[in-house]
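S.K.: sharing a model that was predicted from the sequence below.
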Amino acid sequence: MKILFVHQNFPGQFPHLAPELVRRGHDCRALTDQGNDRPSPVKTWRYKFTPDPVDPRATRLGRNYTTHSDRGVVAARAAMTIRDREGFSPDLIIGHSGWGETLFLKEIWPNAKLLVYSEFYYRGAGQDVGFDPEFSPGGFDQVMIAQGRAAHLGQALIHADRGLAPTEWQASTLPATLRPMVDVIFDGVDTDILRPDPGAHFTTPSGQVLRAGDEVLTFVNRNLEPYRGYHIFMRMLPRLMRERPNAQVVIVGGDEVSYGAAPKGAKGWKDIILDEVKDRLDLSRVHFTGKLPYADYLRLMQVSRAHAYLTYPFVLSWSMVEAMAAGALVVGSRTAPVEEMIRHGETGLLVDFFDQKAWARQLAECLAEPGRFDPIRARARAEVIAKYDLKRVCLPAQVALVESLVQGA
């Protein structure tokens, strides 16, 4: 097959799928944004998208659609050039629905099958909107805005042949009429690499060496922000560190915003939240690493005695499943995305997202009695191997779906 991947940050969710399809003999190419500097495993074309300013008074709820449909137009024009100048005509297009890139590709290649990665469908209630009143206040305006944000996501699936979602809960956010066309296959984690290592060690930015078996609490996200519970974690930390005077806390993540709104006058939430509590913390035991190279991050997960993961009802982070695979004891928020992966007392522990006292209490227990929770660590890793392993479960299922789309045409 001739396969075209379309993703503004390629390889995005497809770092393993594209090379595997090439290995199986398929001709794979990619189309991505010119500003994407990530290495590509296949021949890649680029489009240049410079969004025009959107007047909120003119577009109102259409602001989001305007931006994403404009990107879709630019991607479609690039596709037309690829078709006319390069003579490339894919049998299958695999794209992400989130940025509008797939909206008009069927107009360029009407005979191609289209598989859309459907990561999340915005709703006005029951998900992230209004979940945390401090940062996401409820109200009918927010409900309408959320519905407006979903317009291009629904359109992307309507024009697709199949959809792909990474978890059952994320698929469940779709409207009932669209849900049957979406397969659920997790992206997969490499449990051959992500595995416990009793000899692991991690060096903090200050030069302190932490080893497997040490009293280490970890918190990891792409960016430190409310959507991932950074404010809850930091506000409970003084209580926890008083109870555990030898604990070392390692916090991984950038100081930008991936989801939700940025704070006024700042690019991210890291220092704003830290400033609330720093006078009550022993900062010599709190280690901010910024974003880590993957090898360092892996060693940190192998060193972790307890790993805190919080999220709004939103897209699940790969890092939580990777922590489980690496043998970390995950204490997660009792929110729907986490509950799909973690059964309390069996494959991890669950705490109410907002209950800071409960977070401190549960994490203190995990740090104080690591041996007591060893069976949970073992069951968590076994669960990941059985359901979410990259090479043996997820990647074969993704390949089977891709190949069936054209073979069954």
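M.R.: Looks like it came in fine.
S.K.: can you list the weak-confidence ranges in the stretch 301-409 of the chain?
M.R.: The stretch 301-409 of the chain contains residues with pLDDT under 70 at 408-409.
S.K.: quick one, helices of it?
M.R.: Ranges of helices in the stretch 301-409 of the chain, per DSSP state H, counting those that start in this stretch, are 318-325, 336-341, 356-368, 374-387, 395-407.
S.K.: which helices and strands sit right next to the shortest one?
M.R.: When you say that, I think you mean helix 336-341. Contacts defined by 3 or more CB pairs under 8 Å, 6 or more residues apart in numbering; DSSP states H and E place helix 336-341 against helix 168-172, helix 318-325. C-beta coordinates here come from the backbone N, C-alpha and C atoms, glycine included.
S.K.: ok, which of the helices of the stretch 301-409 of the chain comes nearest Arg235?
M.R.: Of all those, it is helix 356-368 that lies closest to Arg235, at 5.5 Å by CB to CB.
S.K.: any idea how far Asn111 lies from Leu401?
M.R.: Applying CB to CB, to the nearest Å, the value for Asn111 to Leu401 is 19 Å.
S.K.: thinking again about what came up before, out of the helices of the stretch 301-409 of the chain, deepest packed?
M.R.: helix 318-325 (a mean of 25; mean count of other CB atoms under 10 Å).
S.K.: counting by contacts, list what that helix packs against.
M.R.: On a contact count with 3+ CB pairs under 8 Å, 6+ apart, helix 318-325 meets strand 216-223, helix 294-303, strand 306-309, strand 330-333, helix 336-341, helix 374-387.
S.K.: please redo it, this time with the cut-off set to 7 Å
M.R.: Using 3 or more CB pairs under 7 Å, 6 or more residues apart in numbering; DSSP states H and E, the elements in contact with helix 318-325 are strand 330-333, helix 336-341, helix 374-387.
S.K.: any chance of these in a markdown table, with distance to Lys43 too?
M.R.: What follows is the helices and strands packed on helix 318-325, written out as a markdown table (distance: least, CB to CB, whole Å):
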| stretch | distance to Lys43 |
| --- | --- |
| strand 330-333 | 39 |
| helix 336-341 | 35 |
| helix 374-387 | 33 |
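S.K.: for Glu107, find the nearest of those.
M.R.: helix 336-341 (34.5 Å).
S.K.: what comes into contact with the closest one?
M.R.: Residues external to helix 336-341 that are found in contact with it (CB atoms under 7 Å, 6 or more residues apart in numbering): Thr167, Glu168, Trp169, Tyr309, Thr311, Pro313, Phe314, Leu316, Met320, Val321, Gly332, Leu350.
S.K.: would CSV of the helices of the stretch 301-409 of the chain with distance to Gly72 be doable?
M.R.: Listed next are the helices of the stretch 301-409 of the chain as CSV, based on distance: least, CB to CB, whole Å:
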stretch, distance to Gly72
helix 318-325, 27
helix 336-341, 28
helix 356-368, 42
helix 374-387, 34
helix 395-407, 21
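S.K.: closest to Pro175 out of the ones you listed?
M.R.: Nearest to Pro175 among these is helix 336-341; the distance by CB to CB comes to 17.2 Å.
S.K.: if anything else comes up later, I'll come back, but that's it for now.
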